[in-house]
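*Asks:* got a predicted structure here, sequence first:
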Amino acid sequence: MRRPKLKKASKRMTCHKRYKIQKKIREHSRKLRKEAKKRGHKKPKKDPGIPNAAPFKEEVLREAEQRKQRLEELKQKQKLARQKDLEKKRKLQAKKNATEANKHPEEKVCMCSIILFSKRLVHLQHKRETFHPLIRPNPAAFEVYGRTPIAFRLDQQKRLGVVIELVRTWKLCMPFNQSIYRGVRFTANVK
């Protein structure tokens, strides 16, 4: 049964179908057990060992021991080879990740730089210099605040200085993230 807007079909089914499937499974497993009974269980033959009366018993035992050691050494070599391959793959992956990180330095986030930036921000707020959005000079604002355009411009430049100082601090602390500053543009000579 297909559900609209979903890729997976529903797992619902009628009880008749479910019980029929369970019955088939029971029959199949019963047949498998019956076949296993017919075949019988064959135990693996035990190694009888070397009889004491054998003429070269010690040599045969030594050969068996050497064979065992060779197999053990071979396993160790294979294990070391696998470990070296894994280390190479990890190094390649690390280099690949490093190159990707260098391509996009703005995605790196360093906690200590955020802390430095926040300390600087607190310091500036301590000086009672507030961060206000810059607005264009409006003649109505001069009448309300009772300031001349020159005084208003000086106040605006002071605020802009705070903003530029904040941005410089941010640039020093963090790699430049274009997505943050996409809509913001600063001009060198503000009049």
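*Replies:* That came in fine, so what should we check first? Given the structure is predicted, the values throughout are model-derived calculations rather than measurements.
*Asks:* doesn't residue 50 make contact with residue 57?
*Replies:* Yes: the pair residue 57 / residue 50 is scored as a contact, 5.0 Å apart, by CB atoms under 8 Å. C-betas here are computed from N, CA, C, even on glycine.
*Asks:* which secondary structure element is home to residue 67?
*Replies:* Element membership of residue 67, judged by DSSP states H and E, is helix 57-103.
*Asks:* to clarify, my last question referred to residue 46.
*Replies:* Assigned by DSSP H and E, residue 46 belongs to neither a helix nor a strand.
*Asks:* how is this protein partitioned into domains?
*Replies:* According to automatic domain parsing, the chain is divided into the following domains: 63-103, 106-173.
*Asks:* residue 55 in helix, strand or coil?
*Replies:* For residue 55, the assignment made with DSSP: H, G, I helix; E, B strand; the rest coil gives coil.
*Asks:* how about residue 42?
*Replies:* Here residue 42 is coil, with the state taken from three-state DSSP.
*Asks:* what about the protein, any weak spots by pLDDT?
*Replies:* Applying pLDDT under 70 to the chain picks out residues 1-4, 101, 103-157, 163, 166, 170-191.
*Asks:* kindly recompute the last result at 90.
*Replies:* Applying pLDDT under 90 to the chain flags the ranges 1-11, 39-58, 60-61, 92-191.
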